[in-house]
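Peer 1: Okay, predicted coordinates and the sequence, questions at the end:
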Amino acid sequence: MALRDFFLYSYLSENAYLKPLSLKRSQLMHKDDYGDVKIEPWFDEVERFAQDHSFDVNYYIKANTTSELRNRYVVYGAHLNFHYENDKFSTLYSDIDSVLDAFIEDENSTTTDDLSLITDPYEYERAIAEVISNLGAEARATQGSGDQGADVIATYADVNYIIQCKLYSKPVGNKAVQEVAAAKQFYEGDYAMVVTNSSFTKSARMLAEKLDVLLLHHSQIEQIFGEGSTDSVTVNSNESCSYEAVMGALSSPETERLKKHTSEFLSIFEPTVSENMFVFDVGDCSSFVACFASHDDDVFRTYIDYLFKLTDGLSYDEKILFTLNDVESDTSRYAEHLGIRLFTDEKILDYLHELIAIHVNEE
């Protein structure tokens, strides 16, 4: 790495730009249907970044070097000033691209953790293709209309995977399962799967089982394309305690009763309601509340994991779980660690009365 590149790398690292830039490059540089790498969108993006940050880069270089070093810096035998000139953004963005090569080599580019940072559905598709490629498969995002329901097509160990990607703030339903099953037939794939940042509805799970479609949270990708196989994947890696047990608890009389009372109390906030979940605003505070009752601690923990994956990356100020059963202290701490507050019995009423009091005062 050239000396000026070293200072550029340090600037990008200290300002936490390296990871988002590498992710953006992986998203914008992709292969088209003919296998050609499309680089123009990335060059446009990095040129814009260079224009926006050239002053700060030059200031950083000046602050961390001596005038003698800046004035005697030699690159490729030619005398150059250490600074990037305003009319030479192409030099800066070319150096940024070179610096990212070193960073990506160290970081192994996009990981499944990075996927939770994405908010654009098309970027999500490209990033999933990148993650799968990093795991040793050949993968490309279809990126266009006429894809017949396939967002990513991957080949791993001579097995073809047809993948639909869903960046959702709610559970994924039947339509995605139907579309990817049809795409599998169209592309003559071996496996069809839906990958999401969210979860799946009960009917989607039932249909997927019928149509032999794999349903994955994006954190499970490595179970397929890493050291695992399709046989090792469940709908949710933390649901080994039994999906049926969780669904049974969701439809239990206790959960239904809790949901009914919660709905009555929260009605003044006009919440958005989905099954046993409520989303509403109180003043400037956005809240997510779920109702769930189970006396089986393993089942209860599984549902906590589900809520975490469902709401991870979503901008709720409060994530709350109401329950009627006693909760073990370890489970309570576990939920708190995941950013989910647990309320039981009287504490539920106290919380609801507090919300109503805030609402009345604001009125």
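Peer 2: Received it, and whenever you're ready, just let me know what you need.

Peer 1: residues in contact with stretch 317-325?
Peer 2: 254, 257-258, 262, 285-295, 300, 303-304, 307, 311, 335, 339-345, 348, 351 (Cβ atoms under 8 Å, 6 or more residues apart in numbering). (C-beta placed from N, C-alpha, C; glycine too.)

Peer 1: ok, of those, which come out buried?
Peer 2: Buried subset of the contacts of stretch 317-325 (neighbour count, 16 or more other Cβ atoms under 10 Å): 254, 258, 262, 287-294, 300, 303-304, 307, 311, 335, 340, 342-343, 348, 351.

Peer 1: Would you map the helices across the stretch 151-300 of the chain?
Peer 2: Secondary structure of the stretch 151-300 of the chain, counting by DSSP state H, counting those that start in this stretch: helices at 174-187, 202-211, 221-225, 243-250, 253-266, 297-311.

Peer 1: In a markdown table: these, plus distance to residue 318.
Peer 2: Output for these, formatted as a markdown table (distance: least, Cβ to Cβ, whole Å):
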| stretch | distance to residue 318 |
| --- | --- |
| helix 174-187 | 29 |
| helix 202-211 | 26 |
| helix 221-225 | 30 |
| helix 243-250 | 21 |
| helix 253-266 | 13 |
| helix 297-311 | 10 |
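
Peer 1: you'd agree residue 320 is in a strand?
Peer 2: Yes - judged by DSSP: H, G, I helix; E, B strand; the rest coil, residue 320 forms part of a strand.

Peer 1: Quick one: neighbours of it, just the number.
Peer 2: 19 (other Cβ atoms under 10 Å).

Peer 1: Just the pLDDT for it.
Peer 2: If you check residue 320, the pLDDT there is 91.

Peer 1: bridging residues for it?
Peer 2: residue 289, residue 341 (DSSP bridges).

Peer 1: Give me the distance between it and residue 288.
Peer 2: Counting by Cβ to Cβ, to the nearest Å, the separation of residue 320 from residue 288 is 7 Å.

Peer 1: again with residue 204
Peer 2: For residue 204, the distance to residue 288 - Cβ to Cβ - is 21 Å.

Peer 1: Same check on residue 192?
Peer 2: Residue 192 is 31 Å from residue 288, by Cβ to Cβ.

Peer 1: Equivalent analysis for residue 266, please.
Peer 2: 12 Å.

Peer 1: Same question for residue 58.
Peer 2: In terms of Cβ to Cβ, residue 58 sits 45 Å off from residue 288.

Peer 1: Can you give the contact residues for stretch 183-196?
Peer 2: Contact with stretch 183-196 is made by 128, 147-150, 152-153, 159-168, 172, 176-177, 180-181, 200, 208, 211-218, 221, 224, 230, as judged by Cβ under 8 Å, 6+ apart.

Peer 1: Restricted to strands, list these.
Peer 2: Secondary structure from DSSP state E places 152-153, 159-166, 213-217 of the contacts of stretch 183-196 in strands.

Peer 1: Put the buried members of those into a ChimeraX selection.
Peer 2: Buried residues within these, by 16+ other Cβ under 10 Å, are selected in ChimeraX with:
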select :152,153,160,161,162,163,164,165,166,213,214,215,216,217
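
Peer 1: what's the single longest helix in the protein?
Peer 2: Longest among the helix segments of the chain by residue count, using DSSP state H, is helix 40-63.

Peer 1: Let me know the average pLDDT across that one.
Peer 2: Mean predicted confidence for helix 40-63 is 84.

Peer 1: Identify each buried residue in that helix, please.
Peer 2: 42-43, 45-47, 49-50, 53-54, 57-58, 60-61.

Peer 1: helices or strands up against it?
Peer 2: Packed against helix 40-63 by the contact rule (3 or more Cβ pairs under 8 Å, 6 or more residues apart in numbering; DSSP states H and E) you find helix 3-14, helix 18-28, helix 89-107.
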